[in-house]
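Colleague: Quick one, structure for this:
(2 chains)
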Protein chains: 2
Amino acid sequence: MGARYPSGGPSGGSGRRTVPEARIRQRRTALRGGSGSVAAVSDEQLERYRSSIDNIDAALIHLLAERFKITQEVGRYKAAAGLPAADLDREAKQVAHLRALAEESGLDPVFSEKFLRFIVAEVIHHHQRIAEES
Amino acid sequence: MGARYPSGGPSGGSGRRTVPEARIRQRRTALRGGSGSVAAVSDEQLERYRSSIDNIDAALIHLLAERFKITQEVGRYKAAAGLPAADLDREAKQVAHLRALAEESGLDPVFSEKFLRFIVAEVIHHHQRIAEES
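Modeller: Reported below is the predicted structural model:
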């Protein structure tokens, strides 16, 4: 199995992904206010990383918007049917499934569980509010 | 602007999205252990919702795996360049951008900010670990 994220740093330096020495020297000069006058945290490489992160975040936000649309429906459905907002069996199944997916995709399973619980806590809070209002 | 999720329940009952009465009766019978013997929280409609939620969660996990792969690279890059793990300016820009995207897609902007801070806290924690190890 490959590297798993997020779960600690690289254990050694394979060299394949290290920052080129020239770039580091340039950066250090920049940080000291040297002749290059490049802004300390906006070099090209960092910008490329950040552009990818921004794309992924936009996708995450849109998926979360869609997910909450569905859980909002579930909240109404449960309220109308008199079902409790939380369902521990379902949650346990979700955690197991997401941990397995995390393993597969190189994400720390512990983080995937934390993530689901973060989302589910928000969802349950809304279900309770819907139930109170209906 | 349409409904925003997650942010409270429906203000009234338009009728379009409510659970059909027949279904509710069936469910209540099931909950009371009635003749139908359907498991209380596994009717067809709920299963359809859950299947969509599971699909979205799988996509979220894969995107998060990809995001952490990139931030792991950023962590190594920052450690090699002697840059601090956190960057408050960058974070403020991300929050503003994600709040705007959340507005557009009907997600509660407050939640989008909470979500980013949850992820960023994890990322910074890893950056610090990478910096300590390098």
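Colleague: do you know how far A:S112 is from A:A80?
Modeller: 31 Å (CB to CB, to the nearest Å). Every residue, glycine included, has its C-beta placed from N, CA and C.
Colleague: So which of the two has more stuff around it?
Modeller: A:S112 (24 against 20; other CB atoms under 10 Å in any protein chain shown).
Colleague: Identify the residues contacting the strand or helix carrying the more buried one?
Modeller: Using DSSP states H and E, A:S112 maps to helix A:109-133. Residues outside helix A:109-133 that contact it (CB atoms under 8 Å, 6 or more residues apart in numbering or on different chains) are A:6-7, A:64, A:67-68, A:71-72, A:74-76, A:78-79, A:85-86, A:91, A:94-95, A:98-103, B:5-6, B:8-10, B:57, B:60-61, B:64, B:68, B:111, B:114-115, B:118, B:122.
Colleague: go on, stretch A:52-64?
Modeller: So stretch A:52-64 is contacted by A:119, B:56, B:59-60, B:63-64, B:66-67, B:70-71, B:74, B:94, B:97-98, B:101-102, B:105, B:107, B:111-112, B:115-116 (CB under 8 Å, 6+ apart).
Colleague: Looking at that stretch now, give me its mean pLDDT.
Modeller: What stretch A:52-64 shows for mean pLDDT is 97.
Colleague: Now it - C-alpha only, PDB.
Modeller: In PDB, the C-alpha atoms belonging to stretch A:52-64 read as follows (Å, rounded to 0.1, in the frame of the first residue of the first chain):
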ATOM      1  CA  SER A  52      -5.200  22.500  -7.000                       C
ATOM      2  CA  ILE A  53      -6.300  22.700  -3.400                       C
ATOM      3  CA  ASP A  54      -8.800  25.500  -4.400                       C
ATOM      4  CA  ASN A  55     -10.200  23.300  -7.200                       C
ATOM      5  CA  ILE A  56     -10.700  20.400  -4.800                       C
ATOM      6  CA  ASP A  57     -12.300  22.700  -2.200                       C
ATOM      7  CA  ALA A  58     -14.800  24.000  -4.700                       C
ATOM      8  CA  ALA A  59     -15.700  20.400  -5.500                       C
ATOM      9  CA  LEU A  60     -16.000  19.600  -1.800                       C
ATOM     10  CA  ILE A  61     -18.300  22.500  -1.200                       C
ATOM     11  CA  HIS A  62     -20.600  21.600  -4.100                       C
ATOM     12  CA  LEU A  63     -20.700  18.000  -2.900                       C
ATOM     13  CA  LEU A  64     -21.500  19.100   0.600                       C
END
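Colleague: What are the buried residues along it?
Modeller: For stretch A:52-64, a neighbour-count test (16 or more other CB atoms under 10 Å in any protein chain shown) marks A:52-53, A:56-57, A:59-64 as buried.
Colleague: can you tell me which of the contacts of stretch A:52-64 are in helices?
Modeller: A:119, B:56, B:59-60, B:63-64, B:66-67, B:70-71, B:74, B:94, B:97-98, B:101-102, B:105, B:111-112, B:115-116 (DSSP state H).
Colleague: Just the buried residues from those, in PyMOL please.
Modeller: Remark: buried members of those, expressed as a PyMOL selection using 16+ other CB under 10 Å:
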select buried, (chain A and resi 119) or (chain B and resi 56+59+60+63+64+66+67+70+71+74+94+97+98+101+102+105+111+112+115+116)
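Colleague: distance of A:A121 from chain B?
Modeller: A:A121 is 10 Å from chain B, where distance means CB to the nearest CB, to the nearest Å.
Colleague: How about A:S105?
Modeller: From A:S105 to chain B the distance is 4 Å (CB to the nearest CB).
Colleague: A:L83 now?
Modeller: 6 Å.
Colleague: so where's chain A uncertain?
Modeller: Along chain A, segments meeting pLDDT under 70 span A:1-42.
Colleague: CA-only coordinates of stretch A:122-133, as CSV, when you get a sec.
Modeller: Below are the C-alpha coordinates for stretch A:122-133, written out as CSV (Å, rounded to 0.1, in the frame of the first residue of the first chain):
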residue,chain,number,x,y,z
GLU,A,122,-24.3,19.0,11.9
VAL,A,123,-26.9,16.9,10.2
ILE,A,124,-28.4,15.6,13.4
HIS,A,125,-28.5,19.2,14.8
HIS,A,126,-30.6,20.1,11.7
HIS,A,127,-32.8,17.0,12.0
GLN,A,128,-33.6,18.0,15.5
ARG,A,129,-34.4,21.5,14.5
ILE,A,130,-36.7,20.3,11.7
ALA,A,131,-38.5,17.9,14.2
GLU,A,132,-39.0,20.7,16.7
GLU,A,133,-40.4,23.0,14.0
